[in-house]
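Asks: Test case, fold it:
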Amino acid sequence: MSLRINGLGFVSRTLHLYPDYFADKPVERLLGPGIQACSGNSHDSQNFKALVKARLASLKAAARCRYLIGDAALYVADTLKALDAQQQLFISRVPQTLTETKKLIAQHPTVEFTPLAKGYSGAWFEVTYADVPQRWLLIRSQQANHRENQTLHKTLAKSTEQAAKAFAKLCQQAFACEADAKQALEKWEAAQQAVKVAEGSVVPRISYTTRGRPKAKAPAKTHYFISGQLYTCLQYKQTQAAQKGLFILATNDCSNTLTMQAMLDHYKSQQAVERGFRFLKSPDFLGASLFLKKPQRIEALLMVMTCCLMVYAALEHLIRKQLAATNTFFPDMKKKPTQKPTARWVFFCFQGIDELTIDQTHKIVINLQERQRIILTCLGPPYQYIYS
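Replies: Next comes the predicted model:
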C-alpha cells in the first residue's frame, strides 16, 4: 500500500513501516468499527466522554495502550468513572478551576518538591475524586513560571490602566446623596483585584441653577463626588506570581511503578500528536483548497487526512529510530546535523528528484543527493529499490 503526500515526490509504504505490528491485524481492526466526526460546536469534555464509552474497547484491542493521556478536558467526573469502569489507566491534567486544585496549589510553599529533569520538580498526593482513587502530581516548572509571570505583568499593567480610566470616570459622576456615592465606591472596589483606592472619600459640591455670581438666596443643589488615589496591591501581585508555573497531573495508576519523571514525560508526549495535526492544518497540506458541503464527504476527507497523519507519524518515528540506532545524522534546515528531523523537512528535501526515461525503456532516477541517500538507508531496501 502506498500513499503520496502533498505531491512532493516521496512515496511512503505504510506496511513496511511497522511490519511486526500490521502483519496480524485486519484493516477493520486497525481503523476500528467506524469513524465519527465531532461537531465543532461541541465541547471536548462531552466528546471525550462519548469517545470513552463508545470507542475505548476497540482502541484498547487495536493499540494495546497502557495509558490514555489527555488534557484538562478529559478530567470530568463522568469520564473518569467510565475509564475506571473499563479498567483503563489514564494520565490527565487537572483543571485549574477545581476547588481541590486551588487548595493544593495554595499550599505549595509548604510542599517538599523533588527535583526532576529540565527545570521541573514534583510532589505526590493521594486523592479521591469522582469516587476514583488517584495520585496527583503537583508539578512546578521554572520555564513556565518565568513565561507566565511575564504574561502576568502585561495583564496587570493593562488591567491597571483600564481601572484608572474607569475610576476617573467614576470620580466625574455626580450622586444625589452621600450614601449612593459610598455604595458606588464600595461596588467598584469589590470588582477590582489588583487595584485598591487610598484615601477614598465622598466630597460634596454645591451648584447653582443660574449663571453668574449667585445671589444670597439663589436656589442651589448639593451633589456628591468620589475622590481618592489608586495603588497596585502588591500582596495580590506576589500571590499570583508565586502560583505561576504550577499545574497538577492525575492518574489512577496507584502503583509505585510510575515515577514522577515518567508520568511527566508521558503527558508531554501529547506535543507530538499536536504537531502532527498542526501539519494537517498547514498550507503545505492544501486542505484549505478543498470545499466540501456534504457531511459524508467531510468525514471521508477526515479519514484520508487521518491515514496521512498515521503514515506521517510512523515514517518520522522510523527515521529517527534508525538514525539513532546507526549513529547517523541528517542535516536540518540550518544545515546542522540532527537525529530528530521532522517528516515535513524530509519531504521537502526530496523535492527536485526526477525520473529520466531513455528510449522509452530505461528509467533512471537523477538528482539524488547524499542527504536523500541517508534517509533511504534508514528506511531500508523497499525504499532504496524505488529510488534506484
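Asks: mind listing the helices in the stretch 1-150 of the chain by residue range?
Replies: Along the stretch 1-150 of the chain, the segments classed as helices by DSSP state H, counting those that start in this stretch run 19-22, 27-31, 44-63, 77-85, 99-106, 142-171.
Asks: Now do the same contact list for the residue nearest to Lys81 when sequence neighbours are not counted.
Replies: In space, not counting the residues next to it along the chain, Lys81 is nearest to Ala130; the distance is 5.7 Å by Cβ to Cβ, 6 or more residues apart in numbering. Just so you know, the C-beta spots here come from the backbone N, C-alpha and C atoms, and that holds for glycine as well. Contact criterion Cβ atoms under 8 Å, 6 or more residues apart in numbering gives 77-78, 80-81 as the residues in contact with Ala130.
Asks: try it again with 7 Å
Replies: Contacts of Ala130 were listed using Cβ atoms under 7 Å, 6 or more residues apart in numbering, and they are 77, 80-81.
Asks: Could you identify the buried members of those?
Replies: A residue is treated as buried here by neighbour count (16 or more other Cβ atoms under 10 Å); on that basis the buried members of the contacts of Ala130 are Leu80.
Asks: for the contacts of Ala130, which one is nearest Leu356?
Replies: Distance to Leu356 across those (Cβ to Cβ) is lowest for Leu80, with 60.4 Å.
Asks: got the helices of the stretch 1-150 of the chain as CSV, with mean pLDDT and distance to Gln261 columns?
Replies: Shown next, in CSV, are those (pLDDT from 0 to 100; distance: least, Cβ to Cβ, whole Å):
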stretch, mean pLDDT, distance to Gln261
helix 19-22, 38, 27
helix 27-31, 35, 32
helix 44-63, 68, 24
helix 77-85, 87, 23
helix 99-106, 90, 20
helix 142-171, 88, 16
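Asks: out of the ones you listed, nearest to Ile298?
Replies: Distances from Ile298 to each of the helices of the stretch 1-150 of the chain were compared by Cβ to Cβ, and the smallest falls on helix 44-63, at 16.2 Å.
Asks: ok, back up a step: got the contacts of Ala130 as JSON lines, with distance to His317 columns?
Replies: Conversion of these to JSON lines gives the following (distance: Cβ to Cβ, whole Å):
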{"residue": "Ala77", "distance to His317": "35"}
{"residue": "Leu80", "distance to His317": "30"}
{"residue": "Lys81", "distance to His317": "34"}
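Asks: picking that back up, quick one, phi/psi of the residue nearest to Lys81?
Replies: phi 60, psi 30 (degrees, to the nearest 10).
Asks: Quick check: which element contains Lys321?
Replies: For Lys321, the enclosing helix or strand under DSSP states H and E is helix 295-326.
Asks: ugh, wrong one, I meant Leu292
Replies: Under the criterion of DSSP H and E, Leu292 resides outside all helices and strands.
Asks: The chain should start at 19 in everything you say after this.
Replies: In the new numbering, first residue 19, that becomes Leu310.
Asks: ok, how many other residues are close to it?
Replies: 12 (other Cβ atoms under 10 Å).
Asks: and the gap between it and Phe297?
Replies: Noted for Leu310: a distance of 20 Å to Phe297, by Cβ to Cβ, to the nearest Å.
Asks: wait, which of the contacts of Ala148 is closest to Val322?
Replies: When these are ranked by distance to Val322 (Cβ to Cβ), Leu98 comes first, at 33.5 Å.
Asks: circling back to that earlier point, now flag whichever of the contacts of Ala148 is closest to Lys214.
Replies: Nearest to Lys214, judged by Cβ to Cβ, of these is Ala95 at 38.0 Å.
Asks: And for that closest one, nearest residue in space, chain neighbours not counted?
Replies: Spatial nearest neighbour of Ala95, chain neighbours left out: Ala148 (3.9 Å); criterion: Cβ to Cβ, 6+ apart.
Asks: surely Tyr330 meets Gly294?
Replies: Yes: the pair Tyr330 / Gly294 is scored as a contact, 6.2 Å apart, by Cβ atoms under 7 Å.
Asks: With neighbour numbers in mind, choose between those two.
Replies: Neighbour tally, Tyr330 and Gly294, criterion other Cβ under 10 Å: the higher count belongs to Tyr330, 25 against 19.
Asks: Tell me where the model's unsure across the stretch 169-318 of the chain.
Replies: Per-residue confidence for the stretch 169-318 of the chain (pLDDT under 70) gives these ranges: 302-305.
Asks: any idea where the strands of it begin and end?
Replies: Defined through DSSP state E, counting those that start in this stretch, the strands belonging to the stretch 169-318 of the chain, from first to last, are 213-226, 238-250, 264-269.
Asks: Packing partners of the second one?
Replies: In this case it means strand 238-250. helix 160-189, helix 196-208, strand 213-226 (3 or more Cβ pairs under 7 Å, 6 or more residues apart in numbering; DSSP states H and E).
Asks: Which of these sits closest to Ala342?
Replies: Shortest separation from Ala342 across these is recorded for helix 160-189, at 25.5 Å, computed as Cβ to Cβ.
Asks: Report the buried residues of that closest one.
Replies: By 16+ other Cβ under 10 Å, the buried positions in helix 160-189 come out as 162-163, 166-167, 170, 174, 178, 181, 185, 188.
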